[in-house]
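Novice: sequence? don't have it. structure:
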């Protein structure tokens, strides 16, 4: 019977009613797996909120209705999914006022079996005992396969679950333009002896220009947010204020090309600085003697190594959490954005991260080697959770 329940669950999760809502899928699979494993007594609001939606174990349910809202939505989707099914099919229901699913298998018009809710008849009690014994025998297997939020979803949960749109503050700078033919000719051979250029020979473009690696970083982020069905809007650093940075969920892209990243991280453990001699410094406040020096070269592809930093600051009011993603160069930013939106990268991080990172502030220092114009897959140099 357990196999039939799992088959029914898999078919339900892949149906048109559920495949459009990942959170409803996660909710239903978790409560069904917990019930199969005999842990239906633990299906309480706070437990589900922590296990499925990344809430803190003791989160305040009065002000956070995510579990109740999703339970109501799951009930509606289940009702629509099973309304046209044959009467002899197995059916999954989530009773109103409960988070414990029940499984109906209507064998005929006169008798029906209800799994996970003991009945008063001897026959149903015997079936329940057999089902429970089978569940206990498969407890270890069920524990490993039950559905939980992925590390990627747990990292982004404070922003994904916030109300309203996410603001993506992307790096950019105005370009200099000129119509002076003598300047254009000089730029074609910039190493001519005695060549000089004056600022009055240029005009500042009203358009903000962004490097191609940063565009790729924005593309990675927009893909991930699209998969999570989370709307967002793009803004340049000049369009942001301190008040806005403190009042909404924000993703900041870029390091030295985005002043907000430097501002957000300047008092944290890992920081990036530009020295007077043109070297970039990667500093660790916990180990101040360990300063990584990177010679700034142009173009960025001439740099043999790049470092990048991913920072998440979780606000007590989840609508105000911030994620900052940036590297020394655009290539470093590109690598960091790929890491931040890649499920496998977060599985790698979760294996080495400090326990309890899911609800805490996080910094991840990455290193990448530059070969030609291509950055290598990043290596996690250090992490900090607090």
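Specialist: Structure received. Everything quoted here is computed from the prediction, not taken from an experiment. Numbering: from 1, shown residues only.

Novice: Mind listing the residues bridging to residue 362?
Specialist: Beta-bridge pairing for residue 362 (DSSP bridges): residue 312, residue 385.

Novice: Check the secondary structure at the residue lying closest to residue 73 once chain neighbours are set aside for me.
Specialist: Nearest-residue entry for residue 73: residue 24, 5.7 Å, with adjacent residues in sequence omitted and distances by CB to CB, 6 or more residues apart in numbering. Where C-beta positions appear, they are placed from N, C-alpha and C, glycine not excepted. Following DSSP: H, G, I helix; E, B strand; the rest coil, the label given to residue 24 is helix.

Novice: what number of residues lie near residue 163?
Specialist: Residue 163 sits with 8 neighbouring residues when counted by other CB atoms under 10 Å.

Novice: And it, which helix or strand is it part of?
Specialist: With elements delineated by DSSP states H and E, residue 163 resides in a region that no helix or strand encompasses.

Novice: before we move on, back to that, list the residues that contact the residue nearest to residue 73.
Specialist: 18, 70, 73, 74, 77 (CB atoms under 8 Å, 6 or more residues apart in numbering).

Novice: In JSON lines: those residues, plus secondary structure.
Specialist: Formatted as JSON lines, the entries for the contacts of residue 24 read as follows, by three-state DSSP:
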{"residue": "18", "secondary structure": "coil"}
{"residue": "70", "secondary structure": "helix"}
{"residue": "73", "secondary structure": "helix"}
{"residue": "74", "secondary structure": "helix"}
{"residue": "77", "secondary structure": "helix"}
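
Novice: of the residues you listed, buried ones?
Specialist: 18, 70, 74, 77 (16 or more other CB atoms under 10 Å).

Novice: Show the pLDDT at the closest residue to residue 337 other than its chain neighbours.
Specialist: Spatial nearest neighbour of residue 337, excluding adjacent residues (CB to CB, 6+ apart): residue 217 at 3.4 Å. Looking at residue 217, its pLDDT is 87.

Novice: Does residue 217 touch residue 336 like I think?
Specialist: Yes - under the criterion of CB atoms under 8 Å, residue 217 is in contact with residue 336, at a separation of 7.4 Å.

Novice: model confidence over stretch 94-107, on average?
Specialist: Average pLDDT, stretch 94-107: 84.

Novice: Run the chain-centre distance for that stretch.
Specialist: Chain-centre distance of stretch 94-107: 32 Å, with CA atoms, centre = their mean, to the nearest Å.

Novice: for stretch 265-275, same thing?
Specialist: On the basis of CA atoms, centre = their mean, the separation between the geometric centre of stretch 265-275 and that of its chain is 24 Å.

Novice: And the contacts of it?
Specialist: With CB under 8 Å, 6+ apart as the test, stretch 265-275 has contacts from 255-256, 262, 280-286, 296, 307, 309, 311, 324, 326, 328, 363, 365, 382, 384.

Novice: In terms of helices and strands, where is the residue nearest to residue 337?
Specialist: Following DSSP H and E, one finds residue 217 within helix 212-227.

Novice: Can you list the helices and strands that that helix packs against?
Specialist: Under the contact criterion of 3 or more CB pairs under 8 Å, 6 or more residues apart in numbering; DSSP states H and E, helix 212-227 touches strand 166-170, strand 232-235, strand 250-253, helix 330-340.

Novice: Show me the shaky parts of the protein.
Specialist: Residue ranges of the chain with pLDDT under 70: 84-88, 106-148, 172-178, 183-210, 297-301, 316-319.

Novice: Show me the two of the buried ones among the contacts of residue 24 that sit farthest apart.
Specialist: 18 and 70 (11.9 Å; CB to CB).

Novice: and the gap between the nearest residue to residue 283 once chain neighbours are set aside and residue 382?
Specialist: Distances taken as CB to CB, 6+ apart place residue 271 nearest to residue 283, at 5.0 Å, with adjacent residues excluded. Computed with CB to CB, to the nearest Å, the distance linking residue 271 and residue 382 is 13 Å.

Novice: what's the answer for residue 31, then?
Specialist: The spacing between residue 31 and residue 382, counted by CB to CB, is 38 Å.

Novice: Mind checking which of the two has more residues around it?
Specialist: Using other CB under 10 Å as the criterion, residue 31 and residue 382 rank with residue 31 on top: 26 against 17.

Novice: does that one really touch residue 45, like I thought?
Specialist: No - if you go by CB under 8 Å, residue 31 and residue 45 don't touch, sitting 11.7 Å apart.
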